[in-house]
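Undergrad: need the 3D shape of this:
(2 chains)
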Protein chains: 2
Amino acid sequence: MTFSVTILGSSSALPTSKRFPSAHVLNVHERLFLIDCGEGTQIQLRRFKLPINRINHIFLTHSHGDHVLGIFGLISTFNLLGRKADLHVYGVTDFEDIFYKNIDYFTDQMSFKVIYHVVDPFKVEQIYTDRHVVVSTLPLRHRVPAVGYLFREAPKPLNIRKELIAKYNLSLSEIVEIKNGSDYITPKGEVIPNSEFTYIASLPRSYAYCSDTLYSERLVGLVKNVDLLYHEATFLHSHLKLARLTGHSTAKQAATVAFKAGVGKLIIGHFSSRYKNEKDLLKEAEEIFPLTEIVNDGNTFSVEPKSTY
Amino acid sequence: MTFSVTILGSSSALPTSKRFPSAHVLNVHERLFLIDCGEGTQIQLRRFKLPINRINHIFLTHSHGDHVLGIFGLISTFNLLGRKADLHVYGVTDFEDIFYKNIDYFTDQMSFKVIYHVVDPFKVEQIYTDRHVVVSTLPLRHRVPAVGYLFREAPKPLNIRKELIAKYNLSLSEIVEIKNGSDYITPKGEVIPNSEFTYIASLPRSYAYCSDTLYSERLVGLVKNVDLLYHEATFLHSHLKLARLTGHSTAKQAATVAFKAGVGKLIIGHFSSRYKNEKDLLKEAEEIFPLTEIVNDGNTFSVEPKSTY
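TA: Reported below is the predicted structural model:
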């Protein structure tokens, strides 16, 4: 069961010859969730051979062009391909009007519905859920209203430890009750807690996307223990003033969030094009949080299942 | 003195893994003229190491997304780089409103002026001229108002044949008069026509960009003898019906325009993504007009100077 994120674009506002503007695609059990949609996203989706018809949900963080300008072309392409499935777009309220204006202008005779869901960039809210994944908002602190997203696998049903079925000679109805969370009471009246009988096949995996944002202590609490954290790291800490001025983070700050939140792995990107040697940004982050990697367009980061058995 | 066109994007409406949407850049004596601006144009400009600050004029053919969706990101980038020079954009009237709406939305505190010049897609008009180049419109026939562009080097001053200066012992004032086009009258009263004394250092070179369009007999007359003709060739002639329905040309039709107009070279692109073997399109065109080449992103086609000496 896949849970992985592929980097489509990782530049900051100015794309470079190697980095397209921001876009990630999260694969949860072969459904694709697009996060941000910078210019050229549809080109990267083709280049990295991702099946675009598996995208039904697009999550936009804020209204800056380097995070959204690819969405009009992508939606045109969906339409040219005769898409039928509804497309759900999540974003801040101030993008809704220009979004629909452009969709109206650049598409003729839409073959599918586009539904824009306004999210509140100041609240933590569960905005989407299906059998496999739950998506929540993560308030960010940028120059304009901005919101990150936390993706967490939906809780799995409890599994029963097979050896105990034989030991206690459990009936089918007792097994069902235990799987639903009940404790077991032996014929002698002894209570055996549910936790002794059950385990989760694998712990829900999680991915948090945080860009663009100032350092945020609130965010630390919200991304506690996530398996994979993407946090922008636009500047070196020597440019902290500039980071504050522009509403961005330094590599050190990104790593501090990761360290304090105890995440499994930190991935950083959105580097200012002023830095010729991106390893300096990595080095700065690794000093705080060694489990850090730089993202490059085309990279895929997988989170492997962890069983509690 | 450069006169060359670099292909930034050459797909039709659906980009492929190898072709970005439409955009060409014409280099006339190191000034860059951008023609169409599909999604990802700014990325291709960087990739092919073209100095974007030399672009002061952008010529848009029509309002379809695959020809214009890169302009908002490009203008944002100009602004982030602190551009000062005016930017002139030429396009049809129905794009003006959404163009300005997007520029207003996606740029803050513009550091330069953007001037949108409405061109008439039904008239042949000279819309721009400077010391080096003259640009005229080429009415096209598409599903929406569409216009191609003809770029021609500005006429060069006459040069005098040096050997005749000595032969006729010409004075400086006589030389100036001849260079300005006068005939020469010998001391004995004999009139020697100007053409015997003068030549043009090089003939004005020309490039015509024709996309998107149905086959047009009128266009044949307008691109007569151009050195380099780009003509879209979206379909094979076996799909003529589809070409007509969608307002496009077949490879055979593109070659017919080139042949009838007697152009120096034909370059074709904008192929429907349905064709896996683009050589079929080339072969079809070459049967009518052998001096045909397929364009690929990153290709540069130079027109060399031709002297009349």
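Undergrad: what does the stretch 101-250 of chain A put close to chain B?
TA: A:101-102, A:105-106 (C-beta under 8 Å from any C-beta of the partner chain). No exception for glycine: its C-beta is placed from N, CA and C like everyone else's.
Undergrad: need those residues in TSV (columns: secondary structure and neighbour count).
TA: Output for those, formatted as TSV (DSSP: H, G, I helix; E, B strand; the rest coil; neighbours: other C-beta atoms under 10 Å in any protein chain shown):
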residue	secondary structure	neighbour count
A:Lys101	helix	16
A:Asn102	helix	24
A:Tyr105	helix	18
A:Phe106	helix	19
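Undergrad: buried set for stretch A:155-162?
TA: Buried residues in stretch A:155-162, counted by 16 or more other C-beta atoms under 10 Å in any protein chain shown: A:158-160.
Undergrad: equivalent analysis for stretch A:298-309, please.
TA: Buried-residue list, stretch A:298-309, by 16+ other C-beta under 10 Å: A:299, A:301, A:303.
Undergrad: low pLDDT regions in chain A?
TA: The model of chain A has pLDDT under 70 over residues A:308-309.
Undergrad: what segments of it are helices?
TA: Applying DSSP state H to chain A gives helices spanning A:41-47, A:65-68, A:71-80, A:93-106, A:162-168, A:172-179, A:194-197, A:217-222, A:240-246, A:251-261, A:279-288.
Undergrad: which ones are touching the closest residue to chain B within the stretch 101-250 of chain A?
TA: Going by C-beta to the nearest C-beta, chain B is nearest to A:Phe106 of the stretch 101-250 of chain A, at 4.3 Å. Counting by C-beta atoms under 8 Å, 6 or more residues apart in numbering or on different chains, A:Phe106 touches A:72-73, A:75-76, B:64-65, B:69.
Undergrad: coming back round to it: for the residues of the stretch 101-250 of chain A next to chain B, work out which two are farthest apart.
TA: A:Lys101 and A:Phe106 (9.5 Å; C-beta to C-beta).
Undergrad: make JSON lines out of the helices of chain A and add distance to B:Glu284.
TA: Putting the helices of chain A into JSON lines (distance: least, C-beta to C-beta, whole Å) gives the following:
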{"stretch": "helix A:41-47", "distance to B:Glu284": "26"}
{"stretch": "helix A:65-68", "distance to B:Glu284": "40"}
{"stretch": "helix A:71-80", "distance to B:Glu284": "24"}
{"stretch": "helix A:93-106", "distance to B:Glu284": "31"}
{"stretch": "helix A:162-168", "distance to B:Glu284": "67"}
{"stretch": "helix A:172-179", "distance to B:Glu284": "66"}
{"stretch": "helix A:194-197", "distance to B:Glu284": "72"}
{"stretch": "helix A:217-222", "distance to B:Glu284": "58"}
{"stretch": "helix A:240-246", "distance to B:Glu284": "53"}
{"stretch": "helix A:251-261", "distance to B:Glu284": "55"}
{"stretch": "helix A:279-288", "distance to B:Glu284": "51"}
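Undergrad: point out the one among those helices that comes closest to A:Ala233.
TA: helix A:251-261 (4.1 Å).
Undergrad: list the helices and strands that closest one packs on?
TA: helix A:217-222, strand A:228-232, strand A:265-269, helix A:279-288 (3 or more C-beta pairs under 8 Å, 6 or more residues apart in numbering or on different chains; DSSP states H and E).
Undergrad: tell me the angle it makes with strand A:228-232.
TA: Counting by axes from the mean of the first three to the mean of the last three C-alpha atoms, to 10 degrees, helix A:251-261 lies at 150 degrees to strand A:228-232.
Undergrad: which parts of helix A:251-261 are buried?
TA: So, applying 16+ other C-beta under 10 Å, buried residues of helix A:251-261: A:251-261.
Undergrad: out of those, who's nearest chain B?
TA: A:Ala251 (21.1 Å).
Undergrad: I'd say the closest one and A:Glu278 touch.
TA: No - using C-beta atoms under 8 Å, A:Ala251 is not in contact with A:Glu278; the gap is 9.6 Å.
Undergrad: identify the residues contacting A:Lys279.
TA: Per C-beta under 8 Å, 6+ apart, neighbours of A:Lys279: A:Ile294.
Undergrad: nearest to chain B: which residue in the stretch 151-300 of chain A?
TA: A:Ser273 (9.5 Å).
Undergrad: so how many other residues sit close to that residue?
TA: Per other C-beta atoms under 10 Å in any protein chain shown, the neighbour tally for A:Ser273 reads 16.
Undergrad: separation between A:Leu150 and A:Phe112?
TA: Note on A:Leu150: its distance to A:Phe112, by C-beta to C-beta, to the nearest Å, is 27 Å.
Undergrad: out of these two, which sits in the more crowded spot?
TA: Using other C-beta under 10 Å as the criterion, A:Leu150 and A:Phe112 rank with A:Leu150 on top: 20 against 15.
Undergrad: these two touch, right, that one and A:Ser136?
TA: Yes - using C-beta under 8 Å, A:Leu150 makes contact with A:Ser136 at a distance of 4.7 Å.
Undergrad: A:Ser111 - nearest residue in space that isn't next to it in sequence?
TA: Distances taken as C-beta to C-beta, 6 or more residues apart in numbering or on different chains put A:Gly82 closest to A:Ser111, at 5.2 Å, once the chain neighbours are dropped.
Undergrad: does that neighbour touch A:Gln109 like I think?
TA: No - applying C-beta under 8 Å as the test, A:Gly82 and A:Gln109 come out as separate, 10.5 Å apart.
Undergrad: so A:Ser202 touches A:Ser307, yeah?
TA: Yes - with contact defined as C-beta under 8 Å, A:Ser202 and A:Ser307 form a contacting pair (5.3 Å).
Undergrad: now do the contacts for the closest residue to A:Ile185 other than its chain neighbours.
TA: Nearest non-adjacent residue to A:Ile185, counting by C-beta to C-beta, 6+ apart: A:Val191, 5.5 Å away. By C-beta under 8 Å, 6+ apart, the contact list for A:Val191 reads A:183-185.
Undergrad: relative to B:Lys188, how far out is A:Val191?
TA: 133 Å.
Undergrad: surely A:Glu286 meets A:Ala258?
TA: No - with contacts counted by C-beta under 8 Å, A:Glu286 stays clear of A:Ala258, the gap being 10.6 Å.
Undergrad: what residues are shared contacts of the two?
TA: Joint contacts of A:Glu286 and A:Ala258 (C-beta under 8 Å, 6+ apart) are A:Thr292.
Undergrad: how about the residue of the stretch 151-300 of chain A closest to chain B: what's its closest non-neighbour residue?
TA: What sits nearest to A:Ser273 in space, not counting adjacent residues and going by C-beta to C-beta, 6+ apart, is A:Leu14, at 4.6 Å.
Undergrad: any idea how many residues pack against the one you found?
TA: Neighbours of A:Leu14 (other C-beta under 10 Å): 18.
Undergrad: that one contacts B:Phe78, doesn't it?
TA: No - here A:Leu14 does not reach B:Phe78: they are 10.5 Å apart, not a contact under C-beta under 8 Å.
Undergrad: how far is stretch A:159-168 from where the chain is centred?
TA: Mean-position distance between stretch A:159-168 and its chain equals 37 Å (C-alpha atoms, centre = their mean, to the nearest Å).
Undergrad: same question for stretch A:240-254.
TA: Its chain's C-alpha centre and that of stretch A:240-254 lie 21 Å apart, by C-alpha atoms, centre = their mean.
Undergrad: repeat that for stretch A:186-201.
TA: 36 Å.
Undergrad: and it, what's buried?
TA: A:194, A:197-198.
Undergrad: quick one: end-to-end length of it, please.
TA: In stretch A:186-201, first residue to last residue: 25 Å (C-alpha to C-alpha, to the nearest Å).
Undergrad: go on, stretch A:193-211?
TA: 43 Å.
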